[in-house]
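[1] Turn this into a structure:
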Amino acid sequence: GEWSDLKSMPFPRRDLFNSGYMFASVQTSRGCPMDCDFCSVAAFNGRRYRRRASEEVLDELETIPQKMIFFVDDNIIGYGNEAREEALKIFKGMVKRKIKKWWFCQASLNFGDDEELLKWAGRSGCKMVFIGLEAEKAEALEKVNKKLNIQRGVNAYETAFQKIHQAGIAVLGAFIFGMDGDTPQNLNMRANYMIRSGIDVMQTTFLTPLPGTRLFDLYLQENRLLYTDFPKDWDHYDMTEVIYQPQAMAPDILAQTMNDINQRIYTWSTLFSKAFHSFIDTKDFITTMFAWNSNINYRNVGKGVRKNQFLPPPKKKQLTYKFRRKTRKP
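    Here you go, the predicted model:
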C-alpha cells in the first residue's frame, strides 16, 4: 500500500468503542523525518510528515464526549513553521470554540522552545507531554542516532522542562535501557538522573529492535537477536523483555538491573516528591493529578514485575528473561 494523504480523513467510529474508556484518541499527523535507529514510526508511517487540516481536527474534537484526550501524534507540533502554525490553530481553535478538554500528547524536546505555542497549549487544556529523552548522556544518544536531542544537547533538558512547567504542563520523560555501551553502573546513573531531574513522570523501557528499523536489521546481521522464530516470536518484541545480546553485559544482568531500578525509582517517597514539585512548578492541580496517576500506573507495572518469576530461556537460544505475573490456581 501507500502512505495516504490525511485531507478529509473520515472520523473514527467511536460508537464501536467501549463506553468505559476514560480517554479518547485523536490523530492530527503522521510520518516522521527524524528516522531514529530504534524507532518504527518511519517504517510504519513514512518519513514524509503530513497533517490533517486544523479545522477538521477541531470538528472531530467537538464530537467527542470524553473529557480527556490523547493526541497520538508522535510529535504534535511537527517539523517546521507550517506544521507549527497548524498546531497553533488547533490550540487556539479549542479555546475559541470552547472545547473544554484535558489532554496530553507526544512531542520532541523543542516543544519547550516556543513560548506562544506553550501558552496556547496550556490554555487549551494540555496537562502533560510525553518526550523521548532516551538518555542523559550524549554518548548514549549517539548510539541510537537521536539527532534532535544530540543537536540540542542534554544540558538543554532542564531549561525545556522549566518552560513547559511554566505553561502548566507536566513532563513525562521516557528513557531507554540497554543501548550499546550501557553498563549496570551507567544505568543506575540514568536512574539517578530521572529521580533528581525536573521530569514529573518516569518511564523505563528496554531497547527493542522493532521490525522495519535499522536497529533490527543490524542486530539480525550481527546475530544478536535471541528470538528469531517468526511470526511466533514477535510476541516477545513488546519492550518488556531483553530480546537481544547487549554489548556490555549479559541479558540476565540487564534484566535484573532494570528490575532493581524500577523498584528504586517508584518508591513512595520519590513519587510523593515528584508530585509535590509538579504542583509547585506547574501550579495546576489537574496537571499534578495527571502526573501522579501516570507514575502510579508505572509503579504498578514495576510492582507486578517484582512479583514475577523469571522464565527459563528457550533451549536453542541464549539466556533471556520474560517476566510473568504469578497467579493463584482457582
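[2] quick one: low-confidence parts of the stretch 201-330 of the chain?
    303-330 (pLDDT under 70).
[3] repeat that for 90
    212, 238-241, 300-330 (pLDDT under 90).
[4] which stretches of it form helices?
    214-221, 251-265, 268-282, 285-306 (DSSP state H, counting those that start in this stretch).
[5] what does stretch 16-33 contact?
    3, 6, 12, 14, 39, 41-42, 45-52, 54, 57, 60-61, 64-66, 68-76, 78-79, 83, 86-87, 90 (C-beta atoms under 8 Å, 6 or more residues apart in numbering). Every C-beta, even on glycine, is put in place using the N, C-alpha and C of the backbone.
[6] Could you report the neighbour count for the closest residue to Ala135 other than its chain neighbours?
    Leaving aside its chain neighbours, Ala135 sits nearest to Leu141 (5.5 Å; criterion: C-beta to C-beta, 6 or more residues apart in numbering). Using other C-beta atoms under 10 Å, the number of residues around Leu141 comes to 24.
[7] Packing partners of the strand or helix carrying Leu141?
    Element membership for Leu141, per DSSP states H and E: helix 138-143. Packing contacts for helix 138-143, counted by 3 or more C-beta pairs under 8 Å, 6 or more residues apart in numbering; DSSP states H and E, involve helix 147-152.
[8] Starting from the helix it packs on, tell me the next helix or strand along the chain.
    helix 157-166.
[9] What strands flank the helix or strand just after that following helix, and is each parallel or antiparallel?
    Tracing the chain C-terminally past helix 157-166 and defining elements by DSSP H and E, one meets strand 170-177 next. Here strand 170-177 is paired, per DSSP bridges, with strand 126-134 (parallel), strand 201-206 (parallel).
[10] winner for burial among those?
    Using mean count of other C-beta atoms under 10 Å, the stretch among the strands paired with strand 170-177 with the greatest mean number of neighbours is strand 126-134 (a mean of 24).
[11] Pull the residues that contact it.
    In this structure, residues lying in contact with strand 126-134 by C-beta under 8 Å, 6+ apart are 76, 91, 102-109, 111, 140-141, 144, 146, 149, 157, 160, 164, 167-176, 179, 199-201, 203, 284, 286-287, 290-291, 294.
[12] relative to helix 268-282, how tilted is it?
    Relative orientation of strand 126-134 versus helix 268-282 (axes from the mean of the first three to the mean of the last three C-alpha atoms, to 10 degrees): 120 degrees.
[13] Give the rounded mean pLDDT of strand 126-134.
    For strand 126-134, mean pLDDT rounds to 93.
[14] Tell me the gap between that strand and the middle of its chain.
    Relative to its chain's centre, strand 126-134 lies at 7 Å (C-alpha atoms, centre = their mean, to the nearest Å).
[15] ok, Trp292 to Phe11 distance?
    Look at Trp292 and Phe11: by C-beta to C-beta, to the nearest Å, they are 32 Å apart.
[16] Which of those two has more residues huddled nearby?
    Trp292 (19 against 11).
[17] Cross-check the contact I'm expecting between the more buried one and Ser278.
    Yes - contact criterion C-beta atoms under 8 Å: Trp292 and Ser278 qualify, at 7.3 Å.
[18] thinking again about what came up before, got JSON lines for the strands paired with strand 170-177, with distance to Asp35 too?
    Output for these, formatted as JSON lines (distance: least, C-beta to C-beta, whole Å):
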{"stretch": "strand 126-134", "distance to Asp35": "13"}
{"stretch": "strand 201-206", "distance to Asp35": "19"}
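[19] Can you give me the end-to-end span of stretch 116-134?
    Stretch 116-134 has an end-to-end distance of 26 Å (C-alpha to C-alpha, to the nearest Å).
[20] same question but for stretch 115-129, I mixed them up
    Stretch 115-129: ends 15 Å apart by C-alpha to C-alpha.
[21] go on, stretch 278-288?
    With C-alpha to C-alpha as the measure, stretch 278-288 spans 6 Å from end to end.
[22] List the buried residues of that stretch.
    Neighbour counts over stretch 278-288 (16 or more other C-beta atoms under 10 Å) mark Ser278, Phe279, Asp281, Thr282, Asp284, Thr287, Thr288 as buried.
[23] try stretch 203-223
    Gln203, Thr204, Phe206, Leu207, Thr208, Pro209, Leu210, Thr213, Arg214, Leu215, Phe216, Tyr219.
[24] And that stretch, how far out from the chain middle?
    Per C-alpha atoms, centre = their mean, the displacement of stretch 203-223 from the mean C-alpha position of its chain is 17 Å.
[25] That one: end-to-end distance?
    29 Å.
[26] For the remainder of this discussion, apply numbering that starts at 569.
    Renumbered: residue one is now 569, and that last one reads stretch 771-791.
[27] Just the residues contacting it, thanks.
    605-608, 611-612, 698, 712, 740-747, 759, 762, 793, 796, 802, 805-812, 822, 826, 829-830, 833, 866.
[28] what do you get for stretch 607-617?
    With C-beta under 8 Å, 6+ apart, stretch 607-617 has contacts from 571, 597-603, 642, 646-647, 651, 778-781.
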